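sequence? don't have it. structure:
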């Protein structure tokens with residue numbers, strides 16, 4: 001028997017509804033056809049999964065987190081996915097679809113776009129094709145998304161060091177389910193237990209580096225090892241969007257209904273029981289107090305990293321809030337070149353970048369950057385300094401320049417960019433390990449930065465992904481919700497398993 005044909009499609013973007021920026025179609029850097037397969041080595045020919053199925057790419061798009069996706073962009077990309085899948089279906093009888101998504105994409109005038117996209121896909125591929133979704137644990141799993149999927153899983157680490165592992169697991173589970181259906185000449189599907197948990201917290205309080213998230217996610221292995229269970233997953237949810245689906249969720253799938261239900265309820269109970277225990281992953285304070293601490297720390301605590309967390313571009317911030325850089329440049333500690341060496345990453349300013357490029361390395365320039373998109377918290381920042389370095393052709397930033405103002409080395413970009421790797425700095429002739437202070441627009445530190453940091457604080461700065469959720473103004477999330485309504489829970493929430501059967505669209509047990 002020939003291997004099953006499995007298609008791959010999906011759109012991924014983590015989007016804040018509190019950020020004024022907008023995400024357009026080119027930001028997804030769409031891959032089509034064989035480009036999709038090329039992206040994932042674990043489904044290449046010669047690998048176990050690559051040889052177990054005939055993988056066909058439709059279209060996938062992964063955008064840098066940001067503001068809401070325009071309806072035009074969503075319709076354009078979704079329509080192309082439908083068209084490309086229709087072409088695959090015309091030529092082949094497909095048995096599976098890997099749904100490659102994030103789970104926190106917001107689209108203008110549309111709730112739950114991942115579920116909407118999968119409904120559209122189902123109309124093309126039909127009801128009998130098995131769908132396996134891989135997601136970010138900061139995504140959201142609505143009842144409808146759980147209903148449309150047959151298998152669904154997500155990352156188990158934050159920071160996410162198991163991205164490839166999760167996607168491979170989703171594909172491995174998909175191939176195994178198709179093989180079972182073939183062997184048994186059956187269209188049977190595993191049980192799915194879904195439990196929404198009324199908790200909505202930022203990733204910086206739910207990192208798996210520390211308890212209680214470390215303990216909660218550590219329990220997944222025990223549930224998954226239970227006979228009759230295929231996969232178990234816990235979603236923290238996405239805190240910086242305002243939709244009814246935004247909350248934590250548990251999904252367990254498997255062939256033993258009792259084991260699946262008990263496993264889901266166990267994980268949900270662990271999550272809810274720990275609600276009072278979630279704390280920031282690092283000491284947190286105002287930006288000013290973070291700088292005071294960094295300046296006063298001993299050499300053994302340097303480089304001292306500060307997370308300028310309110311405008312984190314990898315959480316959905318616009319990336320161009322100038323507030324943090326302006327506060328830094330106001331400090332007399334950094335006025336002169338002999339002061340504590342500070343690296344700031346980063347602020348977009350296309351005109352500033354072009355002016356620095358025109359002037360050249362070593363020139364002194366006066367430029368203005370920031371607040372082109374998000375000027376709700378601060379206006380543009382003007383700085384006069386020496387052009388330290390220039391780099392071209394970055395995937396995200398396009399052009400980067402470093403301008404030295406006193407002892408501050410500020411990275412300016414043509415387009416916004418996250419700074420997560422050591423080479424992001426060394427490529428710009430910056431040495432973060434030798435700096436006194438490194439300020440990065442980020443929440444929890446990504447692994448390479450975490451390894452470099454001798455000291456670290458989380459700066460509670462303003463922006464579209466600010467850590468003070470109560471100030472953002474959520475109006476559409478389901479209530480009561482922890483921690484928004486701590487005193488409104490007169491009784492324990494319903495954490496019983498809801499069994500969702502796609503075949504007959506029956507929801508057993510209480511709804512959400």
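Structure received. Note that the coordinates shown come from a computational prediction; the quantities given were computed from them, not determined experimentally. Numbering: from 1, shown residues only.

residues in contact with residue 113?
Taking CB atoms under 8 Å, 6 or more residues apart in numbering, we find residue 113 in contact with 11, 69, 74, 105-107. For glycine as for every other residue, the C-beta is placed from the backbone atoms N, C-alpha and C.

could you rerun that using 6 Å?
With contact taken as CB atoms under 6 Å, 6 or more residues apart in numbering, residue 113 is in contact with 105, 107.

for it, give its distance to residue 152.
Relative to residue 152, residue 113 is positioned 16 Å away (CB to CB, to the nearest Å).

then residue 109?
Relative to residue 152, residue 109 is positioned 26 Å away (CB to CB).

who has more neighbours out of the two?
residue 152 (29 against 7; other CB atoms under 10 Å).

that one sits in which helix or strand?
Using DSSP states H and E, residue 152 sits within strand 151-154.

which strands or helices does that strand pack on?
Judged by 3 or more CB pairs under 6 Å, 6 or more residues apart in numbering; DSSP states H and E, strand 151-154 is in contact with strand 130-135, helix 163-183, strand 229-235.

what's the closest of these to residue 251?
Evaluated over the helices and strands packed on strand 151-154, closeness to residue 251 peaks at strand 229-235, with 5.2 Å, by CB to CB.

tell me which strands the strand holding residue 152 pairs with, and in which orientation.
Paired strands of strand 151-154, with direction, are strand 130-135 (parallel) (DSSP bridges).

about what we covered before: residues of the strand holding residue 152 that come out buried?
Within strand 151-154, the residues that count as buried by 16 or more other CB atoms under 10 Å are 151-154.

which residues touch it?
Strand 151-154 has contacts (CB under 6 Å, 6+ apart) with 132-135, 137, 169-170, 173, 231, 233, 235, 251, 253.

tabulate these in CSV, adding columns for neighbour count, distance to residue 473 and pLDDT.
Shown next, in CSV, are the contacts of strand 151-154 (neighbours: other CB atoms under 10 Å; distance: CB to CB, whole Å; pLDDT from 0 to 100):
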residue, neighbour count, distance to residue 473, pLDDT
132, 28, 36, 98
133, 28, 30, 98
134, 29, 32, 98
135, 29, 26, 98
137, 27, 25, 98
169, 22, 37, 98
170, 22, 35, 98
173, 21, 39, 98
231, 23, 36, 98
233, 28, 30, 98
235, 25, 23, 98
251, 29, 29, 98
253, 28, 36, 98
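
domain parsing for this structure?
Domains of the chain are assigned by automatic domain parsing as 5-279+496-508, 284-466.

dump those domains to a markdown table, plus distance to residue 489.
Output for those, formatted as a markdown table (distance: least, CB to CB, whole Å):
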| stretch | distance to residue 489 |
| --- | --- |
| domain 5-279+496-508 | 8 |
| domain 284-466 | 25 |
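
to residue 475, which of those lies closest?
domain 5-279+496-508 (6.1 Å).

so how far is that closest one off the chain centroid?
Centre-to-centre, domain 5-279+496-508 and its host chain are 13 Å apart (CA atoms, centre = their mean, to the nearest Å).

now do stretch 473-487
With CA atoms, centre = their mean, you get 22 Å for stretch 473-487.

buried stuff in that stretch?
If you call a residue buried by 16+ other CB under 10 Å, then stretch 473-487 has these buried ones: 474, 477, 481-482.

just those residues: which are in helices?
Assigned to helices by DSSP state H, none of the buried residues of stretch 473-487 qualify.

in strands, which of those residues fall?
Using DSSP state E, no member of the buried residues of stretch 473-487 sits in strands.

give me the low-pLDDT residue ranges for the stretch 301-450 of the chain?
When residues are selected by pLDDT under 70, none of them lie in the stretch 301-450 of the chain.

any chance you could map the helices in it?
Along the stretch 301-450 of the chain, the segments classed as helices by DSSP state H, counting those that start in this stretch run 323-330, 350-359, 422-426, 447-452.

contact partners of the third one?
The contact list for helix 422-426 (CB under 6 Å, 6+ apart) reads 432, 448.

now do the first one
Applying CB under 6 Å, 6+ apart, the external contacts of helix 323-330 come out as 287, 308, 344, 347, 377-378, 381, 461-462.

the helices in the stretch 1-150 of the chain, which residues?
Ranges of helices within the stretch 1-150 of the chain are 34-39, 48-52, 71-91, 113-125, 143-148, based on DSSP H, counting those that start in this stretch.

what does the stretch 151-300 of the chain give?
Along the stretch 151-300 of the chain, counting by DSSP H, counting those that start in this stretch, helices occupy 163-183, 213-218, 220-224, 257-273, 287-296.

kindly reformat the contacts of helix 323-330 as a markdown table containing neighbour count and distance to residue 63.
Shown next, in a markdown table, are the contacts of helix 323-330 (neighbours: other CB atoms under 10 Å; distance: CB to CB, whole Å):
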| residue | neighbour count | distance to residue 63 |
| --- | --- | --- |
| 287 | 22 | 28 |
| 308 | 30 | 22 |
| 344 | 26 | 25 |
| 347 | 27 | 20 |
| 377 | 18 | 23 |
| 378 | 19 | 25 |
| 381 | 24 | 26 |
| 461 | 25 | 24 |
| 462 | 21 | 24 |
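
out of the helices of the stretch 1-150 of the chain, nearest to residue 19?
helix 71-91 (15.6 Å).

tell me the mean pLDDT over the closest one?
The predicted model assigns helix 71-91 a mean pLDDT of 98.

and the angle for that helix with helix 113-125?
For helix 71-91 against helix 113-125, the angle between stretch directions is 30 degrees (axes from the mean of the first three to the mean of the last three CA atoms, to 10 degrees).

mind listing what's buried along helix 71-91?
For helix 71-91, the neighbour count (16+ other CB under 10 Å) marks 73-74, 77-78, 80-82, 84-85, 88-89 as buried.

repeat for stretch 165-182
Buried residues in stretch 165-182, counted by 16+ other CB under 10 Å: 166-175, 177-178, 181.

which among those gets closest to residue 271?
For the buried residues of stretch 165-182, the nearest to residue 271 is residue 166 (18.9 Å; CB to CB).

and residue 336, what does it touch?
So residue 336 contacts residue 406 (CB under 6 Å, 6+ apart).

lovely, talk soon.
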